[in-house]
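Student: Test case, fold it:
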Amino acid sequence: MHKRISSLRLVAIATILFAGLLPALAPAASPFPVPIPFAYTNDVGNRYYLCVSGNCPALGDWDLTRAVPLAWHDGNVWSATIAIPAGTELEYKFIRRSIDADFYTNPQADWFPDSNLTLSVPSAPDAPFDAKHVVFRCPWDPPVQIVWSTLSTPDYSATNDWHATDLVQTAPGRYEGYAGEPGEWMRFTFSGYENGEQKWYHFYGTTNEDFWSPLDAFCVDVGQVFDYEPTNGVSDSRIEPRHVDSTAAGIDGRDIRIYLPRGYDENTNRRYPVVYFSDGQNVFQPGGQYGCWDAEIAADREIRGGRMREAILVAVPCRTNDIPGAPGTAEFARLWEYLPSTDKLITTDLQGLGTNYARFLIDNVKPTLDWNFRTLSDRDNTVHIGSSAGGLLSLYLGTVFGDVFGLVAPMSGVYNEEYIPQFRQWCLNHPEAVARPKRIWLDTGTKETAVGEGDMKLNLYDSNWDALTLLLYAGHVHNKSLHFGVYTGWEGDHNEPAWAARIADVFDFLLDVRTEPNRLYAPIIPALESTASGYTLSVPLLGHTPLTLHCSTNLLQPRSSAPDVWHSPTSSLPWTNHPVSIAPTAPASFYFLSNP
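Tutor: All right, here's what the predicted structure looks like:
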């Protein structure tokens, strides 16, 4: 009898708090990326690669320009590990294709074998809920609906059938409900009434078009998507200047610019990941002499849309004056600062200052941010993004200084044998260091085959394929720890407009909004089983979101007498279940979960 009472009370508290809102539980889609090794033996010939193409977005949906490249090994064995969504019924083939920049968008390919290969990717635990949790704050009159479509790929235009779901008014100006499919991207808008007239909130064809986001729990207010309920009134992002002195030999101090995200002033309990940029003079408007990345505009858009984590961005400009005693111009000094210390600057006897520059970032710039702003200072929340020579620097920081910079984006980097022979060899000899970045974005453009002038004219396009091979040798997994992109047309140029076109995707990959705690997951009733010594609860783990199990005796005010019984462990998975053993309780007590 005692066990039955405790079991009922466990269910009762959650049912009372969320009656009328919780949907029936049912199996749902899963965003689990399952690493699948692929290998094939073939002598493809010079300037050809072996790739995998298949029937899912992770393998390009049979689009040869998006086929996933493998890495060559002795014996003409090509292999790589590719993350495929759990439960996929996969059909695929290996293809031999040219990587020549002139023919990249019109590849000539040979397919192996003749028939499609098939694979059932292992399934993953079902979601503990069968729809996304939606909170909508707007002073409309009911009825209010969310109008939504599940996306076939993470692309605004990749919609399927449209649906309309009624939301429940839970407070004046606040509506709540469930819609969409867990783990999937969703495009959505809202419909309601104001003074008897139907209104649309962000609607296709207007200035503010539909929202699209992968979040499984979100709040929409002030035209923006949040993974928490914001305060009333959300300040806009802003950029602040600050000077940082240098203690690193040969590296001078400089003025930096700091982007603070929306709501920074109001959300005093929130801390933020930090993104450090090289060539910071080109990052924020108005940009530098070569153009602008418009990074603050992209960050505002991706954060507002619920695709990127709120983050602090730090634009660190390159040196604007000659290094004393060095030949050439400030551009020469920039190349010297960003060059790995393993190598000498091409055509000179000057050893690279990359380690000194890294010390400037780590010992001077980063402490300035960590002391004066609410940062998340660990490696999993510290990002570096750079392009060209700054892209090389980004790879250097993610490998040699991977204990500090865990997320990096070397864009259009310079990895040529004649430019960094020693660092290339070091990467081959130290795969454990190359494996250090938790996530790495690598990209190049088909118009980067001849960048620079004279002795500095280099084929960066080919060298980026070399860098890809180094990353695959080290064990990076396509679609999980590694993104490799080849850009064409004007987006494949070696300039600021091209990098500006890519930066939103870089943000979404490195700072995926699903990789931070989500405070809007509704408490979920755990499954209870009796054992000889007490009970076992099967408690859902929801990504990076902490849960706490309490035991209380006050049904009306459960938190008033609720000691913590259990804290959820960290999980890198979107969801799973965790067994928790608990002792029998007194008849008047019960257990409940909270999301602190």
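Student: What is the least confident helix or strand in the protein?
Tutor: Least confident helix or strand of the chain, by mean pLDDT, DSSP states H and E, is helix 2-18 with a mean of 32.
Student: rounded to a whole number, what's the mean pLDDT of stretch 241-258?
Tutor: Mean per-residue pLDDT for stretch 241-258: 96.
Student: What residues of that stretch count as buried?
Tutor: Within stretch 241-258, the residues scored as buried using 16 or more other C-beta atoms under 10 Å are 244, 246, 248, 250-251, 254, 256-258. Where C-beta positions appear, they are placed from N, C-alpha and C, glycine not excepted.
Student: likewise stretch 51-66?
Tutor: For stretch 51-66, burial by neighbour count (16+ other C-beta under 10 Å) applies to 51-60, 64.
Student: Need the distance between the two termini of it.
Tutor: By C-alpha to C-alpha, to the nearest Å, the extent of stretch 51-66 from end to end equals 9 Å.
Student: Which pLDDT value goes with the residue nearest to Q224 when sequence neighbours are not counted?
Tutor: Using C-beta to C-beta, 6 or more residues apart in numbering and skipping the chain neighbours, the partner closest in space to Q224 is R304 (4.5 Å). Looking at R304, its pLDDT is 96.
Student: R304 contacts G223, doesn't it?
Tutor: Yes - counting by C-beta atoms under 8 Å, R304 touches G223, with 7.3 Å between them.
Student: how is this protein carved up into domains?
Tutor: Per automatic domain parsing, the structural domains of the chain span 33-120, 132-221, 238-515, 522-594.
Student: out of the ones you listed, deepest packed?
Tutor: Counting by mean count of other C-beta atoms under 10 Å, domain 238-515 has the highest mean neighbour count of these, with a mean of 20.
Student: so how far is that domain off the chain centroid?
Tutor: Here the centre of domain 238-515 is set off from its chain's centre by 16 Å, with C-alpha atoms, centre = their mean, to the nearest Å.
Student: residues contacting the spatially most central residue of the chain?
Tutor: Closest to where the C-alpha atoms of the chain average out (C-alpha atoms, centre = their mean) is D512, at 2.6 Å. Contacts for D512 (C-beta atoms under 8 Å, 6 or more residues apart in numbering) come out as 214, 308-309.
Student: mind listing what R262 touches?
Tutor: With C-beta under 8 Å, 6+ apart, R262 has these contacts: 224, 234-237, 300, 303-304, 310.
Student: Ends of stretch 197-217, what's the gap?
Tutor: Using C-alpha to C-alpha, the end-to-end distance of stretch 197-217 comes to 29 Å.
Student: Other residues contacting it?
Tutor: By C-beta under 8 Å, 6+ apart, stretch 197-217 touches 31, 127, 129, 132-133, 136, 138, 140, 151, 154, 156, 182-193, 220, 223, 225, 227, 305-307, 512-514, 518, 520-522, 574.
Student: In strands, which of the residues you listed appear?
Tutor: Judged by DSSP state E, the contacts of stretch 197-217 include 132-133, 136, 151, 186-193, 220, 225 as members of strands.
Student: and the residue nearest to A131 when sequence neighbours are not counted, bridged to which residues?
Tutor: Leaving aside its chain neighbours, A131 sits nearest to Y178 (3.7 Å; criterion: C-beta to C-beta, 6+ apart). Beta-bridge partners recorded for Y178 (DSSP bridges): H133.
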